[in-house]
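> Following is a predicted model, sequence given first.
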Amino acid sequence: VPPLSGEFNRRNNSAAATAEVRKGKYSILLIAGEPASDVAFLRRNIGGSDDFDLKVLIQKSGEGFDEQNAAGILSQKYDAVILYDFPNGQSAGTLREVTSVLSSTEVPFAYFAGNQLSAVRLSGLPRLPFVIAGFQHDELQVGLSPTGAESLPVVLQPIYSLLSASSALFPPLYYQRIECRPSAGAVALAYPVLNGVKLNTPVFLLDPANRSAAFLAYGLWRLQLMSSLSGLRTDFLQDFLVNLIRTLISGGKQKLLTVHADRKVYDPSEPVNFNALLVGQSGSPVNDATVDVNIRSEASGSVSGDIMLSAVGDGGYSGGTAGLGEGKYFFTATARSGSTFLGADSGTVVVEPLNTEFVRTSMNAPLLRQLASVSGGEFMTPSKFIRQGVELKPEWKEPVRLANSTRFELLYSLPILAVVFLLLAAEWIMRKIWGLP
């Protein structure tokens, strides 16, 4: 501030302050034991998120990594590390470098199993969320069965809810028998199901305190490429990976109030719905609070709606508003208990006409099965149709004679009759004027 005349000193003309500036993206390192199909899908779904800056190291069949500057990449600091089928039988020369990164910085990490799993070398990783008791190299195809939600910490509820809501639609995943149990502080979120029988060894584990996770089934590419047959939404894999990484990075720290819209993009004719989760300082759900959501337009800044969410139990709240006009909207949610402020959250939602690229063009298997059942037909996957073809029913083979005829009645078409009469009258008048017979 410029000095004024008559000032005794200039002590109040300047001030200093500090501000904590958060970086826009989390830095993620993906280390793969081999260039498998799952690696491509992990790379695309994690790297495709606006929240993450991804770097990838892929192990050679011999020693080291394919990337030339692997040592420089490993020396950098990361917010989280993803291990796919690493370490495996080829990791003698690279395991020490990666282990030192995980041990020295205690960076959050998630381990995804592959078909080259090495139980001995895997046991050497620090902070694993499970302890290996035995291993068999027999590849099975299994489903997933989530555990009960009652015994889970509140910090794990979002990732568990996402998994449990969709696990019934999972196509079979590959799994090698890993006899293991959760380590101290870790929680098992899902178990493998073989031929309808739930196995007693966990397949998905997470340790919030040590910020580590493990997914012991592989074939993640099936979650997207087979979604049209299973009915699973195509963006599930990306949502699952993003939420898993966020859970690991946050660790035991969490916002008391979390609010999100149930869709990213809405059509103007659709209602906009919000869901909230409110917990106390101890992590227990809060069910008697008032949760308000204020919606403002980005273009005008004016208030477009105020919603009071209704409690649905277990700290959950939900509510919605009628369709909004086209545009981008910011929403701010606050939670209060009487005059006590409990928490706040914010986000964005987009309202625009549904474009063609957002239309689901993949086969809707559940709907086709229902139509086939109601109409007496049969639902067939593309592979089954090519292999078996369509079996025609006997009544379909009987010839049917069809006859179709069209009769044009000029008498009952008043406009055409009027036009014909006017044309004939005009001809008669012209003949009289020109003296024609």
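Here it is on my side, so go on. From a predicted model like this one, the values you see are computed outputs, not experimental measurements.

> What strands line up against the longest strand that the chain contains, and which way round?
The longest strand of the chain (DSSP state E) is strand 130-146. Paired strands of strand 130-146, with direction, are strand 173-182 (antiparallel), strand 187-194 (antiparallel) (DSSP bridges).

> residue ranges with poor pLDDT in the stretch 51-200 of the chain?
Applying pLDDT under 70 to the stretch 51-200 of the chain picks out residues 62, 104-105, 149-155.

> mind listing the helices for it?
With DSSP state H, counting those that start in this stretch as the criterion, the stretch 51-200 of the chain has helices at 70-75, 95-105, 119-122, 157-166.

> which residues are contacting the last one?
Identification of contacts with helix 157-166 by C-beta atoms under 8 Å, 6 or more residues apart in numbering yields 144, 146-147, 149, 152, 189-190, 204, 206, 232-233, 236, 239-240, 243-244, 247, 258, 277. C-betas here are computed from N, CA, C, even on glycine.

> picking up where we left off before, with distance to residue 369 and mean neighbour count added, can I get the strands paired with strand 130-146 in TSV?
Output for the strands paired with strand 130-146, formatted as TSV (distance: least, C-beta to C-beta, whole Å; neighbours: other C-beta atoms under 10 Å):
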stretch	distance to residue 369	mean neighbour count
strand 173-182	22	19
strand 187-194	21	20
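
> To residue 429, which of the ones you listed lies closest?
Checking the strands paired with strand 130-146 against residue 429 by C-beta to C-beta gives strand 173-182 as the closest, at 87.7 Å.

> Can you add distance to residue 110 and give the strands paired with strand 130-146 back as CSV?
Putting these into CSV (distance: least, C-beta to C-beta, whole Å) gives the following:
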stretch, distance to residue 110
strand 173-182, 15
strand 187-194, 12
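
> between these, which one is nearest to residue 119?
strand 173-182 (7.0 Å).

> And the contacts of that closest one?
113, 115, 117, 119, 129-144, 188, 192, 201-203, 205, 207, 216-220, 222.

> which of the residues you listed are buried?
113, 115, 117, 119, 129-130, 135, 140, 142-144, 188, 192, 201-203, 205, 207, 216-220, 222 (16 or more other C-beta atoms under 10 Å).

> and the angle from the longest strand of the chain to helix 157-166?
50 degrees (axes from the mean of the first three to the mean of the last three C-alpha atoms, to 10 degrees).

> Which residues does strand 130-146 contact?
The contact list for strand 130-146 (C-beta under 8 Å, 6+ apart) reads 115, 117, 119, 122-123, 160, 163-164, 167, 170, 172-183, 186, 189-194, 198-199, 202-205, 214, 216-217.

> sorry, back to before: narrow the contacts of helix 157-166 to just the buried residues.
In those, burial by neighbour count holds for 144, 146-147, 152, 189-190, 204, 206, 232, 236, 240, 243-244, 247, 258, 277, counting by 16+ other C-beta under 10 Å.

> now, which of those sits nearest residue 293?
Nearest to residue 293 out of those is residue 258 (C-beta to C-beta; 12.5 Å).

> Strands along the stretch 251-400 of the chain, start to end?
Here the stretch 251-400 of the chain has its strands, by DSSP state E, counting those that start in this stretch, at 257-261, 265-266, 272-278, 290-297, 303-313, 316-321, 327-337, 340-351.

> in this structure, which residue is closest to the centre?
What sits nearest the mean C-alpha location of the chain, by C-alpha atoms, centre = their mean, is residue 239, with 2.4 Å.

> so what does the helix or strand containing that one touch, helix or strand wise?
Counting by DSSP states H and E, the element that carries residue 239 is helix 236-250. Contact analysis of helix 236-250 by 3 or more C-beta pairs under 8 Å, 6 or more residues apart in numbering; DSSP states H and E lists strand 26-32, helix 37-47, strand 80-84, strand 109-112, helix 157-166, strand 204-207, strand 212-215, helix 222-225 as its packing neighbours.

> deepest of those, which one?
strand 212-215 (a mean of 26; mean count of other C-beta atoms under 10 Å).

> Within its sheet, name the partner strands of that strand and how each one runs.
According to DSSP bridges, strand 212-215 forms sheet pairs with strand 109-112 (parallel), strand 204-207 (antiparallel).

> These into JSON lines, with extra columns for distance to residue 419?
Formatted as JSON lines, these follow (distance: least, C-beta to C-beta, whole Å):
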{"stretch": "strand 109-112", "distance to residue 419": "77"}
{"stretch": "strand 204-207", "distance to residue 419": "77"}
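
> To residue 334, which of those lies closest?
strand 204-207 (29.8 Å).

> out of the helices and strands packed on helix 236-250, which comes closest to residue 385?
Across the helices and strands packed on helix 236-250, closest to residue 385 is helix 222-225 (C-beta to C-beta), at 18.0 Å.

> Give me the mean pLDDT for the closest one.
In this model, helix 222-225 has an average pLDDT of 87.

> and after it, which helix or strand comes next?
helix 227-230.

> Give the buried residues for that next one.
Neighbour-count burial for helix 227-230, counted by 16+ other C-beta under 10 Å, picks out 227, 228, 229, 230.

> Could you do stretch 419-430 as well?
So, applying 16+ other C-beta under 10 Å, stretch 419-430 has no buried residues.

> need the contact list for the residue nearest to residue 286 when sequence neighbours are not counted.
Spatially, and ignoring its direct neighbours in sequence, residue 286 is nearest to residue 278 (4.6 Å; C-beta to C-beta, 6 or more residues apart in numbering). When contacts are counted by C-beta under 8 Å, 6+ apart, residue 278 touches 256, 257, 258, 285, 286, 289, 291, 315, 317, 335, 342, 343.

> quick one on the thing from earlier: any chance of TSV for the helices and strands packed on helix 236-250, columns distance to residue 95?
Putting those into TSV (distance: least, C-beta to C-beta, whole Å) gives the following:
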stretch	distance to residue 95
strand 26-32	10
helix 37-47	18
strand 80-84	11
strand 109-112	13
helix 157-166	28
strand 204-207	21
strand 212-215	17
helix 222-225	29
